[in-house]
Each structure stands twice: as C-alpha cells, then as structure tokens.
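Chemist: kindly return the folded structure for what I paste below:
(one chain, ligands or ions: 1)
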Amino acid sequence: MGVSSNPLKQLFAVTAPGLSKAAAQELQRAGFQLQSIDDAGVTFEGDPRVANRMLAIPTRIVMRLGSFKAAKFEDLAQAKALAFPQKARISKIEVSCHKSRLYHSGAVEERLWTQLEALRDPSAGSLLLARIDRDVCTLSLDTSGELLHKRGWRLQNGPAPLRETLAAGILEIALAFAEGFGPVQAIVDPMCGSGTFAIEAAARALGLPPGRLRSFDCDRWNLGPKPQMPAFPPHPIPILGGDRSLPALNAAQKNAERAGVQIAFSRQDAAAFPIPEAERGLILCNPPYDRRAQGQEIAYERLAMLLDRCPKWSAAILCPRHRGAPPAGSHHHIEGSVALQNGGLPVTLWRIAPNATVGPIA
Ligand SMILES: C[S@@+](CC[C@H](N)C(=O)[O-])C[C@H]1O[C@@H](n2cnc3c(N)ncnc32)[C@H](O)[C@@H]1O
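Modeler: Next up, the predicted model:
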C-alpha cells in the first residue's frame, strides 16, 4: 500500500451551504494556499493537523488521496495503491455515484472494502469518502473525526443554539462588511442565548485557535514532525452578550468559561441593551424563531429600537428565509443578504448598514 511522507496534502474544507467564500477568506488569513472554491467548500494545500486546529468555519477537513478511472468493479483495485497516511485506518466508507457506469453505491462500497480490508478498524478508524463521477473515482479521507463545530466547550445549550461553524462563518461575513465602514471597536449579541456568537467572536479577537480544546483523527496518523501552528494576531475588543432569559445567560456564562474567554453578559431586553462607548461596532444576532408571528415581530421591533440607539453601528441579523428583511429602524438600511442554512432550515443573513455613512470604504 502506498505511503506518502510529505506533510502538505491536498485538502478540502467542507462547508455548510453559503459559507465557502467565507471559509476561503479564513483560509487565506491563516496563510494556506488555495486551489479552488465551489459551493461545497474549498480545495487547498496544507497540513491537516494545522487546518483542523486553526479553521473555525469548515464542517470538516478531508484529505484527497487520489483519483483513478473506474468504469468496472475490477478498476476499484487501484484504491489499494493510493497513498494513505501511515497509521490511518478506516471505520466507514461512504460512496456517491454520478453519471457513471458504476452506479450501485452499496456494491462499490463492498468492493472497496475487499481492497482495503487491511485498513479496517471499526473503533479507531476514519471515514473514507468515495465519489464516482463520470467514471472517475476520487477517494478522500476525513481528517477531522467529530464534526468541527464540536469545539469542546459547549455543555450548556440555550434554546436553538447555532452551530459554532455557522456562527464563525456569519462572523467572517459580518466583520468583512462592518469593517468596510471603519474599524469595528465592539461586538454585541443582544439575544445571545447560549452565547455562540459572542464566544466565537471573543476567541477570534484573542487569536485563539478554534480547535484548541480537542483532538482530531489525523493526530493519530504518522504525518511527520509536529507542525508549527501559525498565529492569528489578537485584536482584543469588548464583546458583550445579553438575553432576557436567565437560564440562557447562565448557559452562556458557563460555555464562555469553558472556552477560556471573557465576555460581559447581562440580562435585559434587547431594546435596552447598554451599548458600549464605541464609535463603530457590530450587532450580531439570530432572534428567536417563533411560530406565532406576533411573538417573533416583537423581537424584531426590539432590535430595531436598539439599532436606533447606535446610528453608526452595523448589524448582521439571521432570519428564517420566509420572513423577509427585518425592520432596520430610522438610521439604518438593508445593504444586502446572504442565503444560508441553519439546521437544515433556509435562513437569510441580512447586512444592515448605517445611513450616516456614504458606503463601504473598500
Ligand atoms: C434563537 S435564540 C439565540 C440562540 C443563540 N444564537 C445561540 O447560539 O445559542 C434567541 C434568544 O433571544 C432571546 N430573546 C428573545 N426576545 C428577546 C428580547 N426582546 N430581548 C432579549 N433577548 C430576547 C431568547 O431568550 C433566546 O435566548
């Protein structure tokens, strides 16, 4: 079986719908060499031990092992010759077939197992992905293990917590937008629930790697000497969270402690949130998704009241897609939107800009 000793691999950062551009931006900030971007994620070169620790937005990182022509079952014997990392094992094979003569994914999986039996380890193996597209089979090995939104700090959930990877992607989009008006001096989530936005924002502001509290499948493989971790420069700014629910705030506080970040949490209605003294800041939140239209509208009205109190700030608000744009108050306007998904639900991230500013600088 082939073995590769080069620690730099062709990797693919799998992203949630709508987040591949934000992930590409993050990869570039972290110094990775990008190869291509598509709707499903970003192809790049790097060491998976670094990528898994440093990247906040991808769902998982997979390693491309190689591709070969596979028009008949016997062709799958080539899987054995691909360069698997030393000590890598396989626990599960997932096959997808598109426009190919080999179209029965179950039969392909069985054949692949007969070739790769020596690597089978149901308890400590990794997921192998086989994609057959127009008679070309590409094998990729999951390097992450547990999905990357599992950072290792969340024990306490509020109502409908966001996935950490989605929150980090939204933060990337929202900061790029808000910084177009000048440096962002504070970040506020006035409906913070279990604190996901605030904790992701605080870790980013301190330059803390998102994967600092956990391990990854690729840590078990022999990939050569331990790599140097690049550092994201810290830009400490005040990060604040608020909620009207005490249990939600308790959860947020405990999560923040486990994540090793300091956030000022306070209990009140969003409309009365004590905005810190900063000329420009960012309001980031996902209001409750309430089946009763009236209950939901009250939350949006409260947010618009808050926006009226900070005319030079920007905001990014995540809403169910069917709802349409949230009210932006008297001093702001909707500048644009991004289509995303939250737990399978179609949602829209609305970018809200201050009227006082003529437009993004850059
Ligand atoms: C969808 S949850 C936010 C989830 C959060 N992003 C997370 O990841 O855990 C919405 C939160 O808004 C809070 N909320 C609703 N109306 C509010 C208001 N008028 N003022 C402050 N908080 C409010 C709820 O208590 C709930 O915790």
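Chemist: for I317, give me its contacts.
Modeler: I317 makes contact with I283, L284, C285, N286, P287, L303, P326, L349, W350, I352, according to C-beta atoms under 8 Å, 6 or more residues apart in numbering. (C-beta placed from N, C-alpha, C; glycine too.)
Chemist: kindly report the residues of the chain close to the ligand.
Modeler: 158-162, 190-194, 196-197, 243-245, 248, 269-270, 286-288, 299, 302 (C-beta under 6 Å from any ligand atom).
Chemist: tell me the buried residues within the residues you listed.
Modeler: 158, 161-162, 190-194, 196-197, 243, 245, 248, 269-270, 286-287, 299, 302 (16 or more other C-beta atoms under 10 Å).
Chemist: next step: those residues restricted to strands.
Modeler: By the criterion of DSSP state E, membership of those in strands covers D243.
Chemist: narrow the buried ones among the residues of the chain next to the ligand to those in helices?
Modeler: Counting by DSSP state H, those place T196, F197, A248, A299, R302 in helices.
Chemist: which residues does the last one contact?
Modeler: For R302, the contacting residues are D269, A270, A271, by C-beta under 8 Å, 6+ apart.
Chemist: check the fourth one too.
Modeler: Contacts were defined as C-beta under 8 Å, 6+ apart; by that measure A299 touches M191, A270, P287, P288, D290.
Chemist: thought the second one was touching C192?
Modeler: The reference is to A270. No. Taking contacts as C-beta atoms under 8 Å, A270 lies outside contact range of C192: 9.7 Å.
Chemist: quick check: neighbours shared by the two?
Modeler: With C-beta under 8 Å, 6+ apart as the test, A270 and C192 both reach G242, C285.
Chemist: least trustworthy helix or strand in this structure by mean pLDDT?
Modeler: One helix or strand of the chain scores below all others by mean pLDDT, DSSP states H and E: helix 293-309, with a mean of 88.
Chemist: follow-up on the earlier one: hmm, which of the contacts of A299 is lowest in pLDDT?
Modeler: For these, the weakest pLDDT value sits at D290, with 67.
Chemist: now the strands for the stretch 151-300 of the chain?
Modeler: All strands of the stretch 151-300 of the chain, identified by DSSP state E, counting those that start in this stretch, fall at 187-189, 239-243, 264-267, 282-285.
Chemist: JSON lines for those, including mean pLDDT?
Modeler: Output for the strands of the stretch 151-300 of the chain, formatted as JSON lines (pLDDT from 0 to 100):
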{"stretch": "strand 187-189", "mean pLDDT": "98"}
{"stretch": "strand 239-243", "mean pLDDT": "97"}
{"stretch": "strand 264-267", "mean pLDDT": "96"}
{"stretch": "strand 282-285", "mean pLDDT": "97"}
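Chemist: buried deepest among the ones you listed, which one?
Modeler: strand 187-189 (a mean of 29; mean count of other C-beta atoms under 10 Å).
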